[in-house]
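Engineer: Got a sequence here, can you model it:
(one chain, ligands or ions: 1)
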Amino acid sequence: MESLFNGLLELINESDNVIIISHSDPDLDALGSSLGLCSILKSMDKEAYVFLNIEDKDINSNVKQAVSLVPNYNYINKKNYKEYIKDNSLLIIVDTHKQERLYYPDIISEVSKVVVLDHHIKMNDYIKNTEIFYIDSSLSSVVELIAFFSKFTHFSISPVVASIMLTGMVIDTNNFNIKATERAFEAAAYLVSQGADPIVKQNLLKETKDEFLRKADFIKSSYIYKKNMAICLLNATESTPAELAEISESLLKFEYVEASFTIGQLGKKVVGISARSMGDIDVCSIMKKLGGGGHATNAAVQVENTTIKALEKALKKAIGE
Ligand SMILES: [Mn+2]
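Structural biologist: Residues are numbered from 1 along each chain as shown. Model prediction:
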């Protein structure tokens, strides 16, 4: 990591300013790593901006709530971002490495220097022509990387941003159950040293009673397949990938469940599966058969022009093979 951090520091120092962007439908790892980087840059007295439209109605409620805790950060959006792009601006992309996944894909062509920092499995359609392309799928989150960047450079992170970052880590590790490596705990401990507050974290993780009951209803309708797998069909007109993931994670809590699959409608013509495993069943290989991917314990797929029932059938076939 040392050479990565030195290279990054050099690029930052050479740049007129830094613009940070993450993926569309940002989660708290995306926001936490963006704000974390911005906080470090503020400590360095570097002009930095976070590309995020806080008025965007597609932004989920815990991200909105987190943003409301740090309203004084420089947020820019697709209407005004061009005012901030200089000849020597540096664009840092966090938590994705695919252009189509970017919160605003067009920005790539506007800046000359691009850095990618991610922890997903590398796909073929990754962003090319970058100054730094760093991807490490053993990282629990991008927050983990940013925490170490702060530790390495000795440029601090503000306590409230550290709290948001810690929350991002809690979500990406499913409460320190997945990829809870020694390094992940070390990063979490570092965030606490920067003032991360467990109460802020708890508040950001709150959900409404209705959201909780909606999930409970779906979980109630799930069933056990082949003695050690749980399948849950979300018969709702629309769900989000995050909701599917949360339900699959909840299903792993039950006795005998070694792997879980939640299937739901993600768009008008798109059905998705979120799969989780305790480790013995490789859910990635199952998702790959359906065109998806991920990790052995954490994988997903999105399929167009299908139905929940048809994908359930395809899933069982893929499990059987
Ligand atoms: Mn992430």
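Engineer: pretty sure residue 142 is touching residue 31, no?
Structural biologist: No. Residue 142 is not in contact with residue 31 according to C-beta atoms under 8 Å; the separation is 10.4 Å. Heads up, the C-betas are built off the backbone N, CA and C, glycines and all.
Engineer: In a strand, residue 243, correct?
Structural biologist: No. The assignment for residue 243 (DSSP: H, G, I helix; E, B strand; the rest coil) gives helix, which keeps it out of a strand.
Engineer: what's the neighbour count on it?
Structural biologist: 22 (other C-beta atoms under 10 Å).
Engineer: Model confidence at it, what's the number?
Structural biologist: Per-residue confidence (pLDDT) for residue 243: 91.
Engineer: ditto for residue 236
Structural biologist: pLDDT at residue 236 comes out at 80.
Engineer: mind checking how far it is from residue 177?
Structural biologist: Here the criterion is C-beta to C-beta, to the nearest Å. By it, residue 236 lies 26 Å from residue 177.
Engineer: again, but for residue 36
Structural biologist: 22 Å.
Engineer: neighbour count winner among these two?
Structural biologist: Neighbour count, other C-beta under 10 Å: between residue 36 and residue 177, residue 36 has more, with 28 against 13.
Engineer: I figured the more buried one was touching residue 148, is that so?
Structural biologist: No. Using C-beta under 8 Å, residue 36 is not in contact with residue 148; the gap is 10.5 Å.
Engineer: neighbours around residue 72, how many?
Structural biologist: 7.
Engineer: Would you mind measuring from it to residue 158?
Structural biologist: Taking C-beta to C-beta, one finds residue 72 at 10 Å from residue 158.
Engineer: Same check on residue 56?
Structural biologist: Relative to residue 158, and taking C-beta to C-beta, residue 56 is found at 23 Å.
Engineer: and the two? which has more neighbours close in?
Structural biologist: Legend: neighbour count by other C-beta under 10 Å for residue 56 and residue 158, higher for residue 158 (20 against 15).
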